[in-house]
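Engineer: what follows is a predicted protein model with its sequence.
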Amino acid sequence: MRTTTIENGTAWRNWAGNVTARPVRTLAPASADEVARIVTAAAEDGLTVKPVGTGHSFTAAAATDGVLIRPDRLTGIRRIDRAAGTVTAAAGTSLRHLNETLAAQGLSLTNMGDIMAQTVAGAVSTGTHGTGRDSASIAAQITALELVAADGSVLTCSAEEHPEIFAAARIGLGALGVVTAVTFAVEPLFLVTAREEPMGFEQVMAEFDQHVAENEHFEFYWFPHTANCNTKRNNRSAGPARPPGRVSGWVEDELLSNGVFQAACSVGRAVPALIPGIARVASRALSARTYTDIPYKVFTTPRRVRFVEMEYALPREAAMPALREVKAMTERSPLRIGFPVEVRTAPADDITLSTASGRDTAYIAVHLYRGTPHQAYFTAVERIMTAHGGRPHWGKLHSRDAGYLAGVYPRFGEFTALRDRLDPGRVFGNAYLRRVLGE
């Protein structure tokens, strides 16, 4: 099977439209062996190699002026092993296809993020996560992965085979090699009951620890310029399934969360003075609801409004004080913020550069509608996050460099030493990796 060549010199752009790259070659391999040949040829030509997914990262993590590997043909479910409780998917497989295939087989991931558009490899390589008291990120559910190294070798990594690579490459930032397949732990399909409920800011602050302790999955959104939040509590259920009604689900998830919100964002971008009023209305528009469905239909939501985002992982005990500081900052500043602030949690994990590595974590994510100047807002929030020892999400906007990151990741040196061993010539390097990992 021959590698497909996509028109060379064609610009690549990410989902948000804030990152553009113009590689000299764009290729779509269909196997790990084809990837290995691409990597070897690029190294001989003095070119860098970067695989790309669907472009849902807001950073330039996948940008290259060398060889861009597209995921279009590296797709599909390779194997479902019911005895082992695992599924192996090719790197370019979308999370949507993975979840739908598993559900059809009566299986499920334990936890997932809130969108399904990403590729498997793209999601895990940048540390995509949902929210969970006991269940962690998508990468924490990996039991093995296949990786093409800079010398063209194809490695299978797990806790037993190349364990030092496995510890790091589950969230490898594309720095250690090209991930060509991922094996996840799965379990029998189960039901989740979601309870969505408006709640006041002060009540959420006072009850945050209680909600995290009492619910398998807890998250909330705070609407800037208001004292209003919307909370979501997800817990396993014995059933029966009671999904949202077709009409009511469309009203909540499409009309209000996408259609009306898109219009509100457009108006706010054009006339920022209207944003506080719009926020007050928007924060009251979503009503309380409870429904029960299979996991991916509860954990994920359609996201059609395009935005840019910054997210920081904080020690869990620092999250509410930090959020109070963000609220106070927005109240005393001239900033007009038309997007809610999202808060989620994750338990500590053992992945070298996971944002939850070694500590129970809470995430604070800030967004702005695409095309809205974001620098002042994100910079002000970032100052607060870094003062609390925050770790920036690898796929979302931030200004941190290797000097800072080495101070908040105890195993940072372990990762960079492994990178030096696996890719001494920086075949997989780019400007983003030079900034966050060093030369």
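Structural biologist: Nice, thanks for sending it over.

Engineer: next SSE downstream of the lowest-mean-pLDDT helix or strand in the chain?
Structural biologist: When each helix and strand of the chain is scored by mean pLDDT, DSSP states H and E, helix 246-250 comes last, with a mean of 60. Beyond helix 246-250 in the direction of the C-terminus, DSSP states H and E gives the next helix or strand as helix 261-270.

Engineer: packing partners of that following helix?
Structural biologist: helix 275-285, strand 361-369 (3 or more Cβ pairs under 8 Å, 6 or more residues apart in numbering; DSSP states H and E). C-beta coordinates here come from the backbone N, C-alpha and C atoms, glycine included.

Engineer: quick one, strands of the stretch 1-150 of the chain?
Structural biologist: 4-6, 12-13, 20-21, 25-28, 49-51, 67-69, 77-81, 86-90, 107-108, 142-148 (DSSP state E, counting those that start in this stretch).

Engineer: looking at these, which is nearest to H217?
Structural biologist: strand 107-108 (13.7 Å; Cβ to Cβ).

Engineer: for the closest residue to A63 other than its chain neighbours, give the beta-bridge partners.
Structural biologist: Spatial nearest neighbour of A63, excluding adjacent residues (Cβ to Cβ, 6 or more residues apart in numbering): A21 at 3.9 Å. Here A21 sits in beta bridges with W12, going by DSSP bridges.

Engineer: so who does A21 touch?
Structural biologist: Listed by Cβ atoms under 8 Å, 6 or more residues apart in numbering, the contact partners of A21 are 11-13, 60, 62-65, 68.

Engineer: among those residues, which two are most distant?
Structural biologist: R13 and D65 (14.3 Å).

Engineer: domain parsing of this structure, as residue ranges.
Structural biologist: 77-188, 191-293+305-392 (automatic domain parsing).

Engineer: need the mean per-residue confidence for the shortest one.
Structural biologist: If I follow you right, that is domain 77-188. Averaged over domain 77-188, pLDDT sits at 97.

Engineer: what about it, start to end distance?
Structural biologist: Start to finish, the residues bounding domain 77-188 are 17 Å apart (Cα to Cα, to the nearest Å).

Engineer: same question for the longest one.
Structural biologist: Using Cα to Cα, the end-to-end distance of domain 191-293+305-392 comes out at 32 Å.

Engineer: nearest residue to the residue positioned nearest the centre of the chain in space, please, no chain neighbours.
Structural biologist: Centroid-nearest residue in the chain, with Cα atoms, centre = their mean: T128, separated by 2.8 Å. The shortest distance from T128 to any non-neighbouring residue, by Cβ to Cβ, 6+ apart, is to G113 (4.5 Å).

Engineer: the one you found reaches T300, doesn't it?
Structural biologist: Yes. Contact criterion Cβ atoms under 8 Å: G113 and T300 qualify, at 7.3 Å.

Engineer: count of residues packed around A328?
Structural biologist: Here the count is done by other Cβ atoms under 10 Å, and A328 has 11 residues near it.

Engineer: for L418, give me its contacts.
Structural biologist: 164-165, 168, 176.

Engineer: kindly recompute the last result at 10 Å.
Structural biologist: 164-165, 167-169, 172, 175-176, 352 (Cβ atoms under 10 Å, 6 or more residues apart in numbering).

Engineer: nearest to L314, of those residues?
Structural biologist: When the contacts of L418 are compared against L314 (criterion: Cβ to Cβ), the nearest one is T352, at 19.0 Å.

Engineer: assumed that closest one was part of a helix.
Structural biologist: No. Judged by DSSP: H, G, I helix; E, B strand; the rest coil, T352 forms no part of a helix; its state is coil.

Engineer: how much space between the closest residue to G17 other than its chain neighbours and Y312?
Structural biologist: Excluding the flanking residues, the one nearest G17 by Cβ to Cβ, 6+ apart is R370, at 6.2 Å. Noted for R370: a distance of 21 Å to Y312, by Cβ to Cβ, to the nearest Å.

Engineer: ok, now R332?
Structural biologist: For R332, the distance to Y312 - Cβ to Cβ - is 21 Å.

Engineer: these two: who's more crowded?
Structural biologist: Taking other Cβ under 10 Å, R332 and Y312 do not tie; Y312 has more neighbours (27 against 8).

Engineer: for that one, grab phi and psi.
Structural biologist: phi -120, psi 140 (degrees, to the nearest 10).

Engineer: report the beta-bridge partner residues of it.
Structural biologist: Residues in beta-bridge contact with Y312 (DSSP bridges): I364, P392.

Engineer: flag the shaky bits of this protein, pLDDT-wise.
Structural biologist: 1-2, 7, 246-258 (pLDDT under 70).

Engineer: surely V39 meets V178?
Structural biologist: Yes. Between V39 and V178 there is a contact under Cβ atoms under 10 Å: 6.5 Å.

Engineer: what do the two both touch?
Structural biologist: Joint contacts of V39 and V178 (Cβ under 10 Å, 6+ apart) are 29, 49, 51, 69, 148-150, 427-428.

Engineer: of the residues you listed, closest to F339?
Structural biologist: For these, the nearest to F339 is P51 (29.6 Å; Cβ to Cβ).

Engineer: list the buried residues in stretch 393-404.
Structural biologist: 393-398, 400, 402, 404 (16 or more other Cβ atoms under 10 Å).

Engineer: again, but for stretch 331-348
Structural biologist: 335-347.

Engineer: mutual contacts of G113 and T300, please.
Structural biologist: In contact with both G113 and T300: 95, 130, using Cβ under 10 Å, 6+ apart.

Engineer: count the residues that sit near the closest residue to V305 other than its chain neighbours.
Structural biologist: Leaving aside its chain neighbours, V305 sits nearest to Q262 (4.9 Å; criterion: Cβ to Cβ, 6+ apart). Using other Cβ under 10 Å, Q262 has 14 neighbouring residues.

Engineer: helices of this structure, start to end?
Structural biologist: Under the criterion DSSP state H, helices of the chain are mapped to 32-44, 95-104, 120-125, 163-169, 201-214, 246-250, 261-270, 275-285, 295-299, 319-332, 375-387, 402-408, 412-422, 431-437.

Engineer: just those helices: most buried one?
Structural biologist: Highest mean neighbour count among these (mean count of other Cβ atoms under 10 Å): helix 120-125, with a mean of 28.

Engineer: tell me how far that helix lies from the chain's centre.
Structural biologist: Centre-to-centre, helix 120-125 and its host chain are 8 Å apart (Cα atoms, centre = their mean, to the nearest Å).

Engineer: try stretch 336-351
Structural biologist: Using Cα atoms, centre = their mean, the offset of stretch 336-351 from its chain centre is 10 Å.

Engineer: ends of it, what's the gap?
Structural biologist: Terminal-residue distance, stretch 336-351 (Cα to Cα): 37 Å.

Engineer: show the contacting residues for the residue lying closest to A227 once chain neighbours are set aside.
Structural biologist: Excluding its sequence neighbours, the residue lying closest to A227 (Cβ to Cβ, 6+ apart) is F201, at 4.5 Å. For F201, the contacting residues are 220, 222-223, 226-229, 283, 323-324, 327, by Cβ under 10 Å, 6+ apart.
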